[in-house]
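Enquirer: Below: sequence and its predicted model.
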Amino acid sequence: GSDITTGSDITTIPPPTDRTPGTMRAAAATGTGEAGAIGTGKAGVMNEELRAELLERADRDQAARNSLPPGGAWEEWDTIVGPVDEANSAWLREAVAAHGWPGQALVGQDGAHAAWLLVQHAPLDFQEQCLPLLEDAAARGDASPRDLAYLKDRVLMFHGEPQIYGTQYMVKDGVPELWTVRDPEGLDDRRAALGLEPEHENRARLQARHTDPAPEADTPDPS
């Protein structure tokens, strides 16, 4: 399926030099967490309250982003999107500390996807903290491998390293350009293994979306 609503965020990513831990513009939450200080999702019954909060915060995330005009200035980003990301990141840090990674068993498929969306828009230090937790959850069938691919690619991009699955783009002169990929010849095979469409098809879809003057709000895909 298409991945245009599941994390590419081509209109909202500052250059990697602006996303170092000290200059997080898009999601400047305070505080740092040490990887390994929290556990993976704790077994138990579904936590409907946590699920509802995740879905509500994911809705706020998408509403803020889709309220920006195409090519909006960073001043608008800092005013409209930044505060939403800060609040979501601060809340998710506490939620993960209390519950472990919110996997599908704890918050349902849609809630787990919403948790990924929030960390995808969080500061790099928190993304790095959550990446091994999401890797463990995906290995246990408690999280989407597609969500894991997006987070892994984003962390690599923010470190200035080649991505693996071709999910991350930068916009130059209004055109989405794929961030550098390792082993580009095998990219579409890796994407297909996750159920993602070929990269060139996704890029064309992103371009059409990026130039649409009134894009519809994203609804996180539970897949």
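Expert: All right, it came through fine.
Enquirer: Can you get me a residue count around L131?
Expert: 17 (other C-beta atoms under 10 Å). Bear in mind the C-beta positions are built from the backbone N, C-alpha and C, glycine included.
Enquirer: Contact partners for it?
Expert: L151, K152, V155 (C-beta atoms under 8 Å, 6 or more residues apart in numbering).
Enquirer: And the first one, which helix or strand is it part of?
Expert: With secondary structure defined by DSSP states H and E, L151 is part of helix 145-158.
Enquirer: Any idea how far that helix is from the middle of the chain?
Expert: 8 Å (C-alpha atoms, centre = their mean, to the nearest Å).
Enquirer: hmm, which helix or strand of the chain has the shakiest average pLDDT?
Expert: Counting by mean pLDDT, DSSP states H and E, the chain has its least confident helix or strand at helix 74-76, which shows a mean of 79.
Enquirer: and that one, how far out from the chain's middle?
Expert: Using C-alpha atoms, centre = their mean, the offset of helix 74-76 from its chain centre is 20 Å.
Enquirer: name the helices or strands packed onto it?
Expert: Using 3 or more C-beta pairs under 8 Å, 6 or more residues apart in numbering; DSSP states H and E, no helix or strand is in contact with helix 74-76.
Enquirer: Offset the numbering so it begins at 257, please.
Expert: With 257 as the first residue, the last one maps to helix 330-332.
Enquirer: Send me whichever helix or strand comes after that helix as CSV with only the CA atoms.
Expert: The first helix or strand that comes after helix 330-332 along the chain, using DSSP H and E, is helix 338-355. Written as CSV, here are the backbone C-alpha positions of helix 338-355 (Å, rounded to 0.1, in the frame of the first residue of the first chain):
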residue,chain,number,x,y,z
GLY,A,338,6.2,22.8,17.3
PRO,A,339,4.0,23.1,20.4
VAL,A,340,2.0,20.0,19.5
ASP,A,341,5.1,17.9,19.0
GLU,A,342,6.6,19.2,22.3
ALA,A,343,3.5,18.3,24.2
ASN,A,344,3.1,14.9,22.5
SER,A,345,6.8,14.0,23.0
ALA,A,346,6.8,14.9,26.7
TRP,A,347,3.6,12.9,27.3
LEU,A,348,4.9,9.9,25.3
ARG,A,349,8.1,9.9,27.3
GLU,A,350,6.1,9.4,30.5
ALA,A,351,3.8,6.8,28.9
VAL,A,352,6.7,4.7,27.7
ALA,A,353,8.4,5.0,31.1
ALA,A,354,5.3,3.8,32.8
HIS,A,355,4.1,1.1,30.3
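Enquirer: Fine by me, we can end here.
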